[in-house]
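[1] This is the structure alone, sequence omitted:
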């Protein structure tokens, strides 16, 4: 999939709760996009976590770890910048199992968090999402590719439903 002109976000028909999504992505210079997961369309605006897709070196969001590539956008920074240069393919992976979420980039787990609890609630309340009552609360939803108006390419997208972790 290549986004070259306006088209809007792309959502899957099917909804997913617990899953492993792998995908390859490539950005143009200064480009910005994202992969939203567990998207619920009931609230008029996407209120779901986002795996940030970004050219860190040329986009302003790359200056802040919490909004850099592979972050859980605006909430969790990756442990380190694992992006490849513009024009090269990156391999992303999102694992969502119950409240446990992991973001992987180029073979390394760079973000890990829980989508519930006191820490999650505090992070959301201190963020730009504080007025979104349902932010990150959907247990199941669509996968969405964000259109920010930049040239971004995706390929080899594979999703595998997984059984919820028992506790």
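    On my side now, so go ahead. All figures in this text were calculated on a predicted structure; none of them were measured in a lab. Residues are numbered from 1 along each chain as shown.

[2] all strands for this structure, in order.
    2-3, 10-11, 19-27, 32-39, 50-54, 90-97, 100-105, 108-114, 142-145, 152-161 (DSSP state E).

[3] tell me the angle the fifth one makes with strand 108-114.
    What it means is strand 50-54. Here strand 50-54 runs at an angle of 150 degrees relative to strand 108-114 (axes from the mean of the first three to the mean of the last three Cα atoms, to 10 degrees).

[4] Show the average pLDDT along strand 50-54.
    Strand 50-54 carries an average pLDDT of 98.

[5] Using TSV, lay out the strands of the chain together with distance to residue 77 and mean neighbour count.
    No exception for glycine: its C-beta is placed from N, CA and C like everyone else's. What follows is the strands of the chain, written out as TSV (distance: least, Cβ to Cβ, whole Å; neighbours: other Cβ atoms under 10 Å):
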stretch	distance to residue 77	mean neighbour count
strand 2-3	25	16
strand 10-11	26	15
strand 19-27	19	19
strand 32-39	15	23
strand 50-54	10	26
strand 90-97	16	19
strand 100-105	10	21
strand 108-114	7	17
strand 142-145	22	22
strand 152-161	21	14
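
[6] what's the closest of these to residue 73?
    strand 50-54 (4.0 Å; Cβ to Cβ).

[7] What are the contacting residues of that closest one?
    25, 27, 31-37, 61-62, 67-73, 83, 92, 94, 103, 146, 152 (Cβ atoms under 8 Å, 6 or more residues apart in numbering).

[8] mean pLDDT lowest for which of the strands of the chain?
    strand 2-3 (a mean of 82).

[9] what helices or strands is it leaning on?
    Counting contacts by 3 or more Cβ pairs under 8 Å, 6 or more residues apart in numbering; DSSP states H and E, strand 2-3 packs against strand 152-161.

[10] what comes into contact with the strand it packs on?
    Under Cβ under 8 Å, 6+ apart, the answer for strand 152-161 is 1-3, 16-28, 31, 33, 53, 89, 143, 145.

[11] tell me the angle it makes with strand 50-54.
    150 degrees.

[12] Beta-bridge partners for the most centrally placed residue in the chain, please?
    Centroid-nearest residue in the chain: residue 51, 1.6 Å away (criterion: Cα atoms, centre = their mean). Applying DSSP bridges to residue 51 gives these bridge partners: residue 35, residue 72.

[13] going forward can the numbers begin at 35, since that is how I track them
    Understood, numbering begins at 35; the last thing we discussed is residue 85.
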